[in-house]
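A.B. asks: Predicted model and sequence below, questions to follow.
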Amino acid sequence: MINSFYLDRSLDNYQILRININGKWNYVGSLYNMKKEIDTVQNTIKNISVNKSIIVFGGANGVWVNDIDKITESKEIIIVEPNGELFDNLINNKFNIKNNIVRVVCMEDENFYQNLLSAVSKNSFEVLVFANYDILFNNQFKEFIDKVIFMYNDKKLSENTQKYFAKDWFINFINNLVYINNFERVDSYKDMFKDKPAIIVSAGPSLEKNLKYLKGNEDKFVIITGARTLNTLNKEGIKADFACIIDSSEEMFNVFKHSMESQVPLLISDEGNTKIIRNYKGKKILFNSKDFINASRYLLDFKMDLLFQGGSVAHTCTSFAKLLGCDPIIFIGQDLAYTNNKLHADNAVVEEENNNVNNTGIYVKGVVEDKVLTNHDLNMFRERLETMIRIYKDITFINCTEGGAHIEGTEVRTLREVIEEFNYSIDKKAINRISTININVENLLKKLKDIYNEIDNLIRLSNESVKINSQLKYLYVDGKNKYNKALKKLDEIDVYIKEKKEVMYIFETLVECINIELSQIFMDKDILKCESQIEKIEIVSDKGKFLHSKFIEMFEFSKPILKETIEKLEELLWLMRQK
């Protein structure tokens, strides 16, 4: 640990930080040639593409940051400072940086990972180390690299999920508007079970060990289950209070189809599987997905409390328990690992599913065993759950899962012990007193028609943009007048589309996919490295052609989906008027 530090001067007359670590004084950088250390990091930053974020381990009181604007421009630089005192000292400096974006995060902040993830806005990044920071802060550097690897996997998983499901999410969101008045709002349940214990039921391999204790004690807990385990509980004669689905895929419909007749209130997002929403017999509780939050607020004229969405249904169940006001929150079946070389509990596996797993070579600390086998996704879900626990620090979390990965921030107890402690019944009648949403269908229909009617105009403008971008370098050669006129027209098109916010809200998740693909294709095409104006124009025009060609595909894709929903809402409105 750092005992103290002060600023000194190197022999080549640069500011140099001297720190006392465990009683030994060390220079951060080179006492003899500090200029070389500064030049190395600055020139490396200069040569990295503007299309990548740059993460630098070590700020060194800003000695290399001061004149970064003289070296490069348009770079996103994230400085990771491993020590809180050095972080405070760094951010208190007044840097006059205008041509680059510089953010600083501290590893001693309990939300360090989330802060780092938020700071890195681009889809790709590079990691640098300033001077000897990795040697002086060896343990912190290892932790930092682990977090960077985790962030890389996190971003890739999010990107791949987005690309794979974006069109499904769009279709479901638009289709689900027809059934909007059949939902209850999630925030109608806020603090319904203040300070009452909740049990989150997940499908991990160890679930079977706890079910025998849960049966007959359902009245003592608010029981929230994932969709997969709703049928498991039904078969065991255990009554859940709420079920939750976050997966909108056809595969999830097949997993859930055996529970369609259930009367358990179902928590489902605005982009949830339409077949489930249409056919489920029980109550349905709506929550906003992060992908359509702006669209939902615009179209429905209200906003709801957001639930934490971390990729696993357990995150949403836990967030819902927090919204209900529950405390403590208890986990069962939350293995987050391949306990006994299985992915799910045997009684949570549906027909034709393979429950066997391969050896990933990834081991983490176990809750019962010293180490347990897991995979990248499950490990990521565990870290996100631990982030939630840190955020919800006023709530007690108890892990009664009898196997799997250790979850930092939880008390490890047996379910039998917990049942003995909470030996009283909970009045749950309030669940049946919530009214459904009652939005004005006529207003919703008008907004959708306005969006639909604007789409052909957006297609026309995108076609015009593709055409102009195709001619851009030739117009530049012909003369500045034509070229500047073309640039002005392209700007006008971009401004027009940006100003159509109410139209573009529903396309945000599809646009995000386009941006991911755009950044991947043009990753190594850096305008700042072009040797001629023609090269710069070619990159700009190629980006413009790609972007607006994808916009055209997106708008064309949306038209029949919007048209069908508009027709169904018109029919619904007609039926309402007949009553």
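C.D. replies: Perfect, thanks for sending it.

A.B. asks: Which residue comes closest to T374 once chain neighbours are left out?
C.D. replies: Nearest non-adjacent residue to T374, counting by C-beta to C-beta, 6 or more residues apart in numbering: A337, 4.2 Å away. For every residue, glycine as well, the C-beta is placed using N, CA and C.

A.B. asks: Touching, E508 and D291? I think so.
C.D. replies: Yes: using C-beta atoms under 8 Å, E508 is in contact with D291, at 6.7 Å.

A.B. asks: What separation do you get for the residue nearest to T374 and H406?
C.D. replies: Using C-beta to C-beta, to the nearest Å, A337 is found at 9 Å from H406.

A.B. asks: Same question for Y476.
C.D. replies: Per C-beta to C-beta, Y476 is found 61 Å from H406.

A.B. asks: Next up, the contacts around S124.
C.D. replies: For S124, the contacting residues are N51, K52, S53, S519, Q520, M523, by C-beta atoms under 8 Å, 6 or more residues apart in numbering.

A.B. asks: Could you do T44 as well?
C.D. replies: Contacts of T44 by C-beta under 8 Å, 6+ apart are L128.

A.B. asks: Now do the phi/psi pair for it.
C.D. replies: phi -60, psi -40 (degrees, to the nearest 10).

A.B. asks: For the remainder of this discussion, apply numbering that starts at 39.
C.D. replies: Happy to do that; since the first residue is 39 now, the last one works out to T82.

A.B. asks: gap between I76 and E119?
C.D. replies: For I76, the distance to E119 - C-beta to C-beta - is 17 Å.

A.B. asks: The two - which one has more neighbours?
C.D. replies: Ranked by neighbour count (other C-beta atoms under 10 Å), I76 and E119 place E119 first, with 27 against 24.

A.B. asks: Near the nearest residue to the more buried one once chain neighbours are set aside, how many other residues are there?
C.D. replies: Once flanking residues are discounted, E119 sits nearest to F125: 4.0 Å by C-beta to C-beta, 6+ apart. For F125, the count of nearby residues is 20 (other C-beta under 10 Å).

A.B. asks: just the one 5 residues further on next, same as before
C.D. replies: N130 is flanked by 9 other residues according to other C-beta under 10 Å.

A.B. asks: Tell me the spacing between it and R141.
C.D. replies: According to C-beta to C-beta, N130 and R141 sit 15 Å apart.

A.B. asks: Could you pull out the strands in the stretch 439-588 of the chain for me?
C.D. replies: For the stretch 439-588 of the chain, strands defined by DSSP state E, counting those that start in this stretch occupy the ranges 449-450.

A.B. asks: hey, where'd the helices end up in it?
C.D. replies: Listed in chain order, the helices of the stretch 439-588 of the chain (DSSP state H, counting those that start in this stretch) span 453-459, 479-516, 518-537, 539-542, 546-559, 571-616.

A.B. asks: G363 is nearest to which of those?
C.D. replies: G363 lies closest to helix 453-459 among the helices of the stretch 439-588 of the chain, at 18.3 Å (C-beta to C-beta).

A.B. asks: Please identify the buried residues of the closest one?
C.D. replies: Buried residues in helix 453-459, counted by 16 or more other C-beta atoms under 10 Å: L453, V456, I457.

A.B. asks: Of those, which is the nearest to S156?
C.D. replies: Within these, the smallest distance to S156 is 35.2 Å, found for V456 (C-beta to C-beta).

A.B. asks: Specify the residue ranges that define each domain of the chain.
C.D. replies: Under the assignment automatic domain parsing, the domains of the chain span 73-174, 205-471, 479-616.

A.B. asks: what about the second one, distance to the chain center?
C.D. replies: What separates the centre of domain 205-471 from the centre of its chain is 17 Å, taken as C-alpha atoms, centre = their mean, to the nearest Å.

A.B. asks: Counting neighbours, which of the contacts of S162 comes out on top?
C.D. replies: Among those, the one with the most neighbours (other C-beta under 10 Å) is S91, at 21 neighbours.

A.B. asks: now it: how far from E164?
C.D. replies: For S91, the distance to E164 equals 8 Å [C-beta to C-beta].

A.B. asks: related to what we said a few turns ago, nearest to K185 among the helices of the stretch 439-588 of the chain would be which one?
C.D. replies: With respect to K185, and counting by C-beta to C-beta, the nearest of the helices of the stretch 439-588 of the chain is helix 546-559 at 21.9 Å.

A.B. asks: list the helices and strands the closest one packs on?
C.D. replies: The contact analysis (3 or more C-beta pairs under 8 Å, 6 or more residues apart in numbering; DSSP states H and E) places helix 546-559 against helix 176-214, helix 571-616.

A.B. asks: wait, which of those is closest to I506?
C.D. replies: Closest to I506 of the helices and strands packed on helix 546-559, according to C-beta to C-beta: helix 571-616, at 7.9 Å.
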